[in-house]
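[1] sequence plus the predicted model coming up.
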Amino acid sequence: MTAGSYTTSAAFLEALAEAGVSYVFANFGSDHPGLIEAYAQAKAQGREAAYPRLIICPHEMVALSAAHAYASVSRQPQAVVVHVGDGTQNLGGEMNNALRGRIPVLIFAGASPYTLDGELPGSRNEWIHWIQDARDQRGILRGFVKYDNEIRTGRNVKQLVHRALQIARSEPAGPVYLVGAREVMEEPLEPYPVDPAQFRPVEPAALTTEVTREIATALARARHPLIVTSYLGRNPDAVPALVELADLLAVGVLESAAFCVNFPGDHPLHCGYQFTTTEQNPDLAQADVILVLDSDVPWIPTTNRPSPAAAIYAIDVDPVKPTIPMWQIAARRSAAADSKVALEQIARLVRDENLPEAQVVETRRAEIAAVNQARRAALEALERPGAGVITPQYLTACVRDLLAGTDSLVLTEAITNYQAVADHLRPRVPGSYLGSGGGSLGWAGGGAIGAKLASPAERTVVSLVGDGSYLFGVPSSAQWVARRYDAPSLTVIYDNRGWAAPKFSTLRVHGQGAAAAADDFHVSFEPEADLPAIAAAAGGAYAATVDDPDELPGVLKDTLAVVRGGRSAVISVHLPPV
Ligand SMILES: Cc1ncc(C[n+]2csc(CCOP(=O)(O)OP(=O)(O)O)c2C)c(N)n1
Ligand SMILES: [Mg+2]
């Protein structure tokens, strides 16, 4: 390639930037000379700002997790570049997280050159080009993307990138995948314009007048109305709309398998959090009208379900969930709408028509607030440390107190401690709490990087992770990236020295079985690894391990100061072992 030449690769990067992508999280290979050259030429010509900033990630899982969290926090699509089919497969389970988290991310992978004898620029010239050729590269990700396509020519690569990102950003948002062989990524081109305004995401949808009225009337007339939500707070601007409607009607809000702040945790109408439930939730059992708002798992019917007589309504950006093969709730009406728009419509109708009687609303408000206050007091009683033992409840309360009044963003991948983290953190500020939205572990490792890069400089990113999840997050790669790109964070490992989750799963199915009788679940991490030391070795992180409950607040305070000073810190907090 001659200096200054313009190729498909250059046009591809230009289109990403035009579409609002600020970062490319990349793991390069023999398929990417065109991209590497385009970046180098832009730098040589002083036009680096024309392309998204490059973040090199030594593991693809970290790259996609970082892009995922960056897109969540910034609400802008991001891009990931990986190496042919092999790098694509290393994206692994994080693809499911990106799909379930409804994350707008464009993944690009090169493809093996398709010419053997030098017919075109980019033709095969390394032994690996024969070996890396995958039969169905796009098929690898097809179950986890909204759209996949092949770049066949540079002449329309910009339209293709804009179209892919339009699909990725339109709700329900999600990942998209493009592949391009070396020859096409090397194709010389004349620069050409594309109007990004023609590729805006689809506008948010509203409820019909009829459904607005039906839901508003049902909520207003109910004796025990309840709202159940999981991911409305992906859009932090939707939270005030929920608060307004809840206050207007005095409806309680239950957060189910929630990985963002949907409703302020300290609001008197906040009815708590539920994840994997083993007991019936009394609010759910009692409710006569339930509005399910943006939820993949509003309850788990085998252990915790609404009354069969309850009238259920569902408003969701994705109400029938075609990407979840088996899914159903017994809703009278399901509406595909943007939750903020829908809540504002319902609130307007309630207000305009003065729907509920003031007396009914105030009685209900007092009842719900009293129950919630008692529930919170019971939770607070669990926050006292046991004798010489750090419990997850105490640990979370210490983290909450540490962060009180600061600008912080907590990532949670605490697994069997999801419930304890939510119950005792009770995050209040929209956008201050985030999980992957999926079930593939290791997201927080890269996630902390993306979250930090997308946040204002003064915000502290804190990850609360299981010890297993910490290891799934490829900490050697993640901590190196964090240091190199100046994205420090605090990681608190809820270290029970093993995997509690598969043990609990076994007990839920075989409570009296042989594994239970022998206490033999194959989940222990003995002999113990020095988990924080991995971060110290790979990224120069401050590392510590805590056993003593009395020392915990002091250690947390010290590590927070380290992170504020610009260096990552990882602390393993020893909980009772699995
Ligand atoms: C990529 C991936 N592999 C395996 C699993 C299955 N799995 C679910 S929870 C869990 C254990 C997690 O351990 P840890 O993070 O220490 O949390 P704990 O269960 O101890 O609370 C495993 C292995 C998964 N969800 N994702
Ligand atoms: Mg564990």
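    Cool, got the structure. Numbering: from 1, shown residues only. Ligands and ions are numbered 1, 2, ... in the order given.

[2] which residues does whatever residue of the stretch 251-400 of the chain ends up closest to ligand 1 contact?
    With CB to the nearest ligand atom, the shortest gap between the stretch 251-400 of the chain and ligand 1 falls at residue 392, namely 8.6 Å. Heads up, the C-betas are built off the backbone N, CA and C, glycines and all. For residue 392, the set of contacting residues under the criterion of CB atoms under 8 Å, 6 or more residues apart in numbering consists of 414, 417, 420, 421, 494, 575.

[3] again with residue 28
    35, 36, 56, 81, 83.

[4] try it again with 10 Å
    35, 36, 54, 56, 57, 81, 82, 83, 87, 110 (CB atoms under 10 Å, 6 or more residues apart in numbering).

[5] residue nearest the centroid of the protein?
    Among the residues of the chain, the smallest C-alpha distance to the mean C-alpha position (CA atoms, centre = their mean) belongs to residue 436, namely 2.8 Å.

[6] quick one, phi/psi of it?
    Main-chain torsions, residue 436, degrees, to the nearest 10: phi -70, psi -30.

[7] thought it was touching residue 97?
    Yes: counting by CB atoms under 10 Å, residue 97 is a contact partner of residue 436 at 4.0 Å.

[8] give the residues shared as contacts by these two.
    65, 68, 103, 259, 442, 443, 447.

[9] rewinding a little: show the buried residues in the contacts of residue 392.
    Burial by neighbour count, 16 or more other CB atoms under 10 Å: within the contacts of residue 392 this picks out 414, 417, 420, 421, 494, 575.

[10] contacting residues for the residue nearest to the fourth one when sequence neighbours are not counted?
    Looking back up the chat, that one is residue 421. Excluding the flanking residues, the one nearest residue 421 by CB to CB, 6 or more residues apart in numbering is residue 414, at 4.6 Å. When contacts are counted by CB under 10 Å, 6+ apart, residue 414 touches 275, 392, 395-396, 420-422, 425, 435, 444, 463-466, 469, 492-494.

[11] of the contacts of residue 28, which is the nearest to ligand 2?
    Using CB to the ion, residue 57 is the member of the contacts of residue 28 that lies nearest ligand 2, at 25.0 Å.

[12] can I get stretch 283-301 as PDB, trimmed to CA atoms?
    Only the C-alpha atoms of stretch 283-301 are listed here, as PDB (Å, rounded to 0.1, in the frame of the first residue of the first chain):
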ATOM      1  CA  ASP A 283     -46.000  -8.500  47.400                       C
ATOM      2  CA  LEU A 284     -46.200 -10.600  44.200                       C
ATOM      3  CA  ALA A 285     -48.600 -13.100  45.800                       C
ATOM      4  CA  GLN A 286     -50.800 -10.300  47.000                       C
ATOM      5  CA  ALA A 287     -50.900  -8.100  43.900                       C
ATOM      6  CA  ASP A 288     -54.200  -8.000  42.000                       C
ATOM      7  CA  VAL A 289     -52.800  -5.900  39.100                       C
ATOM      8  CA  ILE A 290     -49.200  -6.300  37.900                       C
ATOM      9  CA  LEU A 291     -47.400  -4.200  35.400                       C
ATOM     10  CA  VAL A 292     -44.300  -5.900  34.100                       C
ATOM     11  CA  LEU A 293     -42.000  -3.300  32.600                       C
ATOM     12  CA  ASP A 294     -38.900  -4.200  30.700                       C
ATOM     13  CA  SER A 295     -38.200  -7.600  32.300                       C
ATOM     14  CA  ASP A 296     -36.800 -10.900  31.100                       C
ATOM     15  CA  VAL A 297     -37.400 -12.700  34.400                       C
ATOM     16  CA  PRO A 298     -40.100 -11.000  36.400                       C
ATOM     17  CA  TRP A 299     -40.500 -14.100  38.600                       C
ATOM     18  CA  ILE A 300     -39.600 -17.800  38.800                       C
ATOM     19  CA  PRO A 301     -42.900 -19.600  38.700                       C
END
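
[13] averaged pLDDT, that stretch. What do you get?
    What stretch 283-301 shows for mean pLDDT is 98.

[14] show me which residues of it are buried.
    Buried-residue list, stretch 283-301, by 16+ other CB under 10 Å: 283-284, 287-300.

[15] do stretch 476-494 as well
    Applying a neighbour-count criterion of 16+ other CB under 10 Å, one finds 476-483, 485, 487-494 buried in stretch 476-494.

[16] before we move on, what about stretch 439-458?
    Using 16+ other CB under 10 Å as the burial criterion, the residues of stretch 439-458 that qualify are 440-455.

[17] give me every residue in this structure lying close to ligand 1.
    For the chain, the residues in contact with ligand 1 under the definition CB under 6 Å from any ligand atom are 93, 415-417, 439-441, 466-469, 472, 496, 498-502, 578.

[18] among those, which are in helices?
    Among those, the residues falling in helices (DSSP state H) are 467, 468, 469, 472, 500, 501, 502.

[19] quick one: secondary structure of the residue nearest to residue 556 when sequence neighbours are not counted?
    Nearest residue to residue 556 in three dimensions, chain neighbours excluded: residue 402, at 4.8 Å (CB to CB, 6+ apart). Secondary structure for residue 402, judged by DSSP: H, G, I helix; E, B strand; the rest coil, is helix.

[20] do residue 108 as well
    Secondary structure of residue 108, reduced to three states by three-state DSSP: strand.

[21] quick one: contacts for it?
    9, 12-13, 16, 24, 26, 31-32, 35, 79-82, 88, 151, 161, 164, 176-180, 185.

[22] the helices in the stretch 451-578 of the chain, which residues?
    Listed in chain order, the helices of the stretch 451-578 of the chain (DSSP state H, counting those that start in this stretch) span 467-472, 475-484, 500-509, 514-518, 531-539, 552-564.
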